[in-house]
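J.: Fold the following for me, if possible:
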Amino acid sequence: MSDEPQSVTAEVFYFTPPEDGSKPYTDLNADPRNNWNPEPHSVEVENLRSKEGSVTLDTAGFQCGRGAAAHKTFTSDAEIKAEYYPESIELMKKITGASRAVVFDHRIRRRRPGETGPTTPEALACPAGARRPDEGLRHGARAPTPPAGGGPRVPPAPVTDHQPLAAHLHPAYDWLLALCDYQSVDRKTDLVPTDLITVDRKGETDSVRFNPSHQWKYLRGLTPEEFILIKCFDSKTEDNTATMTPHTAFHDPSTPKDALPRKSIELRMLVFYD
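T.: Numbers count the residues shown, from 1 in each chain. Just a heads-up that it's a prediction; the model follows:
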């Protein structure tokens, strides 16, 4: 589209550490939930429309793709697992060259104007985060034990598949994902281990400090035929391979006033290279 913005200036929330020097945590059972504070920063977010091929999982830590899902309804968890999981696994293997992929979780987000919570896009937006191999613990789900087998990437690489619901038959402009190019991240200073406490366990994720060198990108008008793969972890570190990418939801100031609320599905997978 000729009127597509090349980039937008938007507000992204970053992590600031606890003032008392203690290890940061998010406790989903407590009020307040956090012992740290979010800090808003104005950043430039590049629109990848017509430049989708400029980022890959191994360079930027995320990748754009096309492939209409055969499953269309997304109203039944049982049907999603029976129909959407298998086709997503085959697509992931085709794209990455992996020998196997295991889906261990999915989440549907349906934004309702005026309402926020753990299933809404706004819940992603504070702060920018980078998930670890135990990312499933963040949502109360335990990742399966990897099957036996060798390969260049052990443990397996968790990857998130994000796309608008096929049942939501229009491009998504509302509360889209902003993704930070891995090549602009300083792992030693930008990432802060943060405990995540749920009802029955404690896991750990990485929160992200502000760095003016961060390069944020997004795909405006994501359609139900498109998806974004987000790398959460990769054991392969040689050759400057991207091992993760910070990401968050954000409000695009160029969003049309009549844009419908975003509805999307996220699939979390363990990807094996035997």
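
J.: Quick check: can you name the pairing partners of whichever helix or strand Val8 is part of and their directions?
T.: Using DSSP states H and E, Val8 falls within strand 7-16. Within its sheet, and counting by DSSP bridges, strand 7-16 is paired with strand 37-47 (antiparallel).

J.: Buried residues of the partner strand, list them for me.
T.: 37, 43, 45-47 (16 or more other C-beta atoms under 10 Å). To be clear about C-beta, it is placed using only N, CA and C from the backbone, and glycine gets the same treatment.

J.: same check, this time on stretch 223-239
T.: For stretch 223-239, burial by neighbour count (16+ other C-beta under 10 Å) applies to 223-224, 226-234.

J.: Where strands are concerned, which of these count?
T.: 226-231 (DSSP state E).

J.: So which residues of the stretch 51-200 of the chain form helices?
T.: Counting by DSSP state H, counting those that start in this stretch, one finds helices in the stretch 51-200 of the chain at the ranges 77-79, 85-96, 187-190.

J.: can I get the ones you listed in CSV with mean pLDDT and distance to Thr245?
T.: Formatted as CSV, those follow (pLDDT from 0 to 100; distance: least, C-beta to C-beta, whole Å):
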stretch, mean pLDDT, distance to Thr245
helix 77-79, 94, 27
helix 85-96, 92, 15
helix 187-190, 92, 12
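
J.: Can you tell me which of the ones you listed is nearest to Ala242?
T.: helix 187-190 (10.6 Å; C-beta to C-beta).

J.: in the sheet, who's paired with Thr194?
T.: Beta-bridge partners, per DSSP bridges, of Thr194: Thr205.

J.: that older thread, ok, of the buried residues of stretch 223-239, which one's closest to Leu28?
T.: Set against Leu28, the nearest of these by C-beta to C-beta is Cys232 (19.1 Å).

J.: pretty sure that closest one contacts Tyr182?
T.: No. Judged on C-beta atoms under 8 Å, Cys232 makes no contact with Tyr182 at a distance of 11.6 Å.

J.: Pull the number of nearby residues for Pro5.
T.: Around Pro5 there are 15 other residues, counting by other C-beta atoms under 10 Å.

J.: Verify the stated contact: it with Glu46.
T.: No. Judged on C-beta under 8 Å, Pro5 makes no contact with Glu46 at a distance of 9.6 Å.

J.: Mean neighbour count, the helices of the stretch 51-200 of the chain: which tops it?
T.: A comparison of these by mean neighbour count, using mean count of other C-beta atoms under 10 Å, puts helix 85-96 on top with a mean of 17.

J.: Which strands and helices lie in contact with it?
T.: strand 62-66, strand 100-110, strand 153-164, strand 263-273 (3 or more C-beta pairs under 8 Å, 6 or more residues apart in numbering; DSSP states H and E).

J.: Point out the one among these that comes closest to Ser22.
T.: strand 153-164 (27.9 Å).

J.: Contact partners for Phe210?
T.: By C-beta atoms under 8 Å, 6 or more residues apart in numbering, the contact list for Phe210 reads 14, 39, 41.

J.: ok, the closest residue to Met92 other than its chain neighbours - how many residues close by?
T.: For Met92, ignoring the flanking residues on the chain, the nearest one in space by C-beta to C-beta, 6 or more residues apart in numbering is Ala101 at 4.6 Å. As a burial measure, Ala101 scores 22 neighbours (other C-beta under 10 Å).
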